[in-house]
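# below is the sequence, then the predicted model.
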Amino acid sequence: GAGVSQSPRYKVAKRGQDVALRCDPISGHVSLFWYQQALGQGPEFLTYFQNEAQLDKSGLPSDRFFAERPEGSVSTLKIQRTQQEDSAVYLCASSPRGSGQRYEQYFGPGTRLTVT
Amino acid sequence: GENVEQHPSTLSVQEGDSAVIKCTYSDSASNYFPWYKQELGKRPQLIIDIRSNVGEKKDQRIAVTLNKTAKHFSLHITETQPEDSAVYFCAAPNSGGYQKVTFGTGTKLQVIP
């Protein structure tokens, strides 16, 4: 079946612009994560959804970052007034369960954001 | 939250040799330890995972060992091949009832033909 998809794959934004990144998780997956991956680093947690509920947003770097998953499937990560330090790959991952036993996270291909 | 340390950051081996990557974690309650492989420009993909009720798990040329007392776990790749060249990430779960994990900083493995 279809895996996790993300769009756009590449985004160039001028400093100060707003951007919206989309994630389509695997159908039926309860958990959805957003990560930020800087060059040469591991994925850094941004936020977590269980269905439509945002249970953890402790990783969001500032109030310029906002995420939503209104119907418990597609999610959007929005970054307002982009700064150069926001340049990174933004990864989305989904997992079939919400709580209980741990499961594999299935990653999307990522969106590479470059802020000029 | 969970603190995960991963070593080494880079590793070069000759084709056919073995490679070992080690990770330590801080939360003694952690019970699930996945390893992800990320090829250049690609998405991370799970290659093997282990739960805390076993000490070792093998899948062909890949194995993971877990020492709960010492709070460390290791990835072992035997008979390395050029296609094993990638960045490998370990991860450990955060406390709480949901699926959040913390990733290590990654090990760049280069297999020299």
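Sure, I can see it.
# who in chain B is up against chain A?
With Cβ under 8 Å from any Cβ of the partner chain as the criterion, chain B meets chain A at residues B:6, B:31-32, B:34, B:36, B:42-46, B:49, B:51, B:89, B:93, B:97-106. Any C-beta I mention is one placed from the backbone N, CA and C, and that applies to glycine too.
# in PyMOL, select just the buried ones from those.
Per 16 or more other Cβ atoms under 10 Å in any protein chain shown, the buried members of the residues of chain B next to chain A correspond to this PyMOL selection:
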select buried, chain B and resi 6+31+32+34+36+43+44+49+89+93+98+99+100+101+102+103+104+105+106
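# narrow the residues of chain B next to chain A to those in strands?
Under the assignment DSSP state E, the residues of chain B next to chain A contribute B:6, B:32, B:34, B:36, B:45-46, B:49, B:51, B:89, B:93, B:101-103 to strands.
# dump the residues you listed to TSV, plus pLDDT.
Rendered in TSV, the data for these read as follows (pLDDT from 0 to 100):
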residue	pLDDT
B:6	97
B:32	89
B:34	94
B:36	97
B:45	95
B:46	94
B:49	94
B:51	88
B:89	97
B:93	87
B:101	86
B:102	91
B:103	93
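# contact partners for the residue most central in space within chain A?
In chain A, the C-alpha closest to the average C-alpha coordinate belongs to residue A:34, at a distance of 3.0 Å (Cα atoms, centre = their mean). The neighbourhood of residue A:34, defined by Cβ atoms under 8 Å, 6 or more residues apart in numbering or on different chains, consists of A:23, A:46-48, A:67, A:75, A:77, A:90-92.
# once you drop chain neighbours, what's closest to residue B:44?
Leaving aside its chain neighbours, residue B:44 sits nearest to residue B:36 (4.0 Å; criterion: Cβ to Cβ, 6 or more residues apart in numbering or on different chains).
# next, the contact list for the one you found, please.
Taking Cβ under 8 Å, 6+ apart, we find residue B:36 in contact with A:107, B:44-47, B:88-89, B:91, B:103.
# 10 Å instead?
A:42-43, A:93, A:104-105, A:107, B:43-49, B:86-91, B:101, B:103-104, B:106 (Cβ atoms under 10 Å, 6 or more residues apart in numbering or on different chains).
# kindly report the same for residue B:73.
Residue B:73 sits next to B:4, B:21-25, B:30, B:33, B:35, B:50, B:52, B:55-56, B:64-67, B:90, B:92 when contact means Cβ under 10 Å, 6+ apart.
# next: residue A:37.
A:43-44, A:88-91, A:107, A:110, A:112, B:38, B:44, B:89, B:103, B:106.
# how far away is it from residue B:72?
Here residue A:37 is placed at a distance of 24 Å from residue B:72 (Cβ to Cβ, to the nearest Å).
# repeat for residue B:113
Spatial separation of residue B:113 from residue B:72 under the definition Cβ to Cβ is 31 Å.
# quick one: which of these two has more around it?
When neighbours are counted by other Cβ atoms under 10 Å in any protein chain shown, residue B:113 and residue B:72 differ, and residue B:72 comes out ahead with 17 against 8.
# brilliant, that's me finished.
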